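Chemist: quick one: sequence plus predicted model below, questions after.
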Amino acid sequence: MTETNTTGAVADQKLKEAYFTASQGQLIWARFKKQKAAMAGAWVLVIFIVSGILAPFLTPYSPTLEGRDKDYQNGAPQILKFWDENGFSMRPFIYSFERERSFKTNFRWMSTVDREKRRYLTLFPEGEKYTMFGMSFDRHLFGVDKGKIHIFGTDSTGKDIFSRTLHAINTSLAVGTIGVAIAFVLALIIGGVSGYYGGWIDSVLQMITDAIRTVPAIPLFMAIAAFIPSEWSSEARFFFISIILGFINWPTLARRVRTHLLTERNQEYVLAAQLCGAAPNHIIRKHLLPSFTSYIIVDLVISFPYMVLSETALSFIGLGLRDPVNSLGVMLQNVTDADVLLNYQWYFIPVVFFIALVLAFVFVGDGLRDAADPYASTKK
């Protein structure tokens, strides 16, 4: 009994030592892991990010012109089957189909399923060439032995919605990353200088910050959309929209950095660094900002879904990205058509991915915010 108590006391002592010697990042991770919703959101984000990066391999076709299926326009999702009235198959399959116009369908193209002809799923088939990680490949994750497969269906031009969705996630995340990076750099510079120096410098920078915060976003982007030349390439429009999103979303983080530095600049460790002859930029970079690192990371994660929402909203109303660029906002433009609402409900599949992406960012951001708060456990 005495040995058991001694072993328990030693274990408790080691846990206390590990707690008091742990870094700030380790403490945040330990608290973050205890939140199930945040961990679930983190896993969803990892899956989305990996799927977006590996989209050319995971999808059977190119999301643009090369992926069009002229024989299956506005086609319903093709569900893999293992058995039907013709018997069981060890290999999953889909049915072949024939397209025809008839008087019964008002001479619209309709696809008729031929349940006697099967198309069997194949893994790692050769397909269209693509570039990934600076190398050229022609293997895709899946396909069928003949014809094409569309597990999410196709749109009005025959483009594969599954391929478009994964590429759209990658594009929207890329726009958010560039926008957040620009906003992050501007917020640290402007907020750091404003909070450290104070005085008239702080007043001038805060007037600029307030002026940018009062600019209405929609009229601004309407003016920008009118300014962008129609002959600009999709890549140029992509980077321009990303840069603009970054330039109008830095004031919130800059305000938080300024508030923190106004509080910390009179602390003893800052005065000691000044007495040692440290330059202001060194003090801000090496002493002040690191003490605020966890909150900066949390703010960046929380701002990510707003960047994605901004891109999606702008593309949705026609002021952002446009075809042939695949983004979630571009794909959501198609769901406003009444004909889609009544007849082609699979157009809403990208909407589900968009909602899941935003919710994952929100859950992770909330979890990081609670984990970064050293007093979170005492508030409950």
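Modeler: Sure, I can see it. Since the model is a prediction, treat every value here as computed from it, not as a measurement.

Chemist: drop to CA atoms for contacts and neighbour counts, all remaining ones
Modeler: Will do.

Chemist: so residue 76 is in which element?
Modeler: Using DSSP states H and E, residue 76 sits within no helix or strand.

Chemist: same question, residue 114
Modeler: According to DSSP H and E, residue 114 maps onto strand 110-123.

Chemist: and if you look at residue 128?
Modeler: Secondary structure here is read from DSSP H and E; on that basis residue 128 sits in strand 126-132.

Chemist: so who does residue 349 touch?
Modeler: Counting by C-alpha atoms under 8 Å, 6 or more residues apart in numbering, residue 349 makes contact with residue 152.

Chemist: in whatever helix or strand it lives in, which residues are buried?
Modeler: If you go by DSSP H and E, residue 349 is part of helix 349-372. By neighbour count with 16 or more other C-alpha atoms under 10 Å, helix 349-372 contains the buried residues 349-351, 353-354, 356-372.

Chemist: what's the answer for stretch 82-99, then?
Modeler: Neighbour counts using 16+ other C-alpha under 10 Å place 92, 93, 94, 95, 96, 97 of stretch 82-99 among the buried residues.

Chemist: in TSV, list those along with pLDDT.
Modeler: Compiled in TSV, these are given as follows (pLDDT from 0 to 100):
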residue	pLDDT
92	92
93	90
94	89
95	86
96	82
97	77
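
Chemist: in strands, which of those fall?
Modeler: 92, 93, 94, 95, 96, 97 (DSSP state E).

Chemist: switch the residues you listed over to TSV; also include distance to residue 272.
Modeler: Output for these, formatted as TSV (distance: C-alpha to C-alpha, whole Å):
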residue	distance to residue 272
92	70
93	72
94	73
95	76
96	77
97	78
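
Chemist: kindly indicate which of the buried residues of stretch 82-99 lies nearest residue 241.
Modeler: For residue 241, the closest of the buried residues of stretch 82-99 turns out to be residue 94, at 40.5 Å, with distances computed as C-alpha to C-alpha.

Chemist: could you report the distance from residue 44 to residue 162?
Modeler: Separation of residue 44 from residue 162 (C-alpha to C-alpha, to the nearest Å) stands at 17 Å.

Chemist: the more surrounded of the two?
Modeler: Here residue 44 and residue 162 are set side by side on neighbour count (other C-alpha atoms under 10 Å), and the busier one is residue 162, at 24 against 18.

Chemist: any idea which helix or strand carries that one?
Modeler: Secondary structure assigned from DSSP H and E places residue 162 in helix 161-197.

Chemist: what average pLDDT does stretch 216-230 get?
Modeler: Model confidence over stretch 216-230, given as mean pLDDT, is 75.

Chemist: what about the helix holding residue 349, distance to the chain center?
Modeler: Its chain's average C-alpha position is 9 Å from that of helix 349-372, according to C-alpha atoms, centre = their mean, to the nearest Å.

Chemist: what do you get for stretch 282-292?
Modeler: For stretch 282-292, the distance between its averaged C-alpha position and the chain's averaged C-alpha position is 29 Å (C-alpha atoms, centre = their mean).

Chemist: any buried residues in it, and which?
Modeler: With the criterion 16+ other C-alpha under 10 Å, stretch 282-292 contains buried residues 283, 284, 287, 288, 289.

Chemist: the first one is in contact with residue 269, isn't it?
Modeler: No - contact between residue 283 and residue 269 fails when scored by C-alpha atoms under 8 Å: they sit 9.7 Å apart.

Chemist: quick one: residues contacting residue 363.
Modeler: Contact partners of residue 363, counting by C-alpha under 8 Å, 6+ apart, are 37, 38, 41.

Chemist: identify, from those residues, the entry nearest to residue 242.
Modeler: Nearest to residue 242 out of the contacts of residue 363 is residue 41 (C-alpha to C-alpha; 24.5 Å).

Chemist: that closest one and residue 309, how far apart?
Modeler: When C-alpha to C-alpha is the yardstick, residue 41 and residue 309 sit 17 Å from each other.

Chemist: more crowded one of those two?
Modeler: For residue 41 and residue 309, the more surrounded residue by other C-alpha under 10 Å is residue 41, and the numbers stand at 22 against 19.

Chemist: my read: the more buried one touches residue 358, true?
Modeler: No - using C-alpha under 8 Å, residue 41 makes no contact with residue 358, being 9.5 Å away.

Chemist: just how off-centre is stretch 194-202 within its chain?
Modeler: A distance of 35 Å separates the centroid of the chain from that of stretch 194-202, by C-alpha atoms, centre = their mean.

Chemist: just stretch 70-90 next, same as before
Modeler: The chain centroid and the centroid of stretch 70-90 are separated by 32 Å, computed with C-alpha atoms, centre = their mean.

Chemist: got a list of what the residue nearest the centre of the chain touches?
Modeler: Note on the chain: the residue nearest the mean C-alpha position is residue 173, at 3.6 Å, using C-alpha atoms, centre = their mean. Each residue near residue 173 by C-alpha under 8 Å, 6+ apart is listed here: 49, 308.

Chemist: same check, this time on residue 94
Modeler: The neighbours of residue 94, taking C-alpha under 8 Å, 6+ apart as the test, are 78, 79, 80, 81, 118, 119, 120, 121, 149.

Chemist: repeat the analysis, applying 7 Å as the threshold.
Modeler: 78, 79, 80, 81, 118, 119, 120 (C-alpha atoms under 7 Å, 6 or more residues apart in numbering).

Chemist: only whichever of these are buried, select them in PyMOL.
Modeler: If you want just the buried ones from the contacts of residue 94 in PyMOL, going by 16+ other C-alpha under 10 Å, the selection is:
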select buried, resi 78+80+81+118+119+120
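
Chemist: take the contacts of residue 94 and lay them out in TSV including pLDDT and distance to residue 155.
Modeler: TSV is the format used below for the contacts of residue 94 (pLDDT from 0 to 100; distance: C-alpha to C-alpha, whole Å):
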residue	pLDDT	distance to residue 155
78	89	13
79	88	16
80	90	19
81	89	23
118	87	23
119	89	21
120	92	23
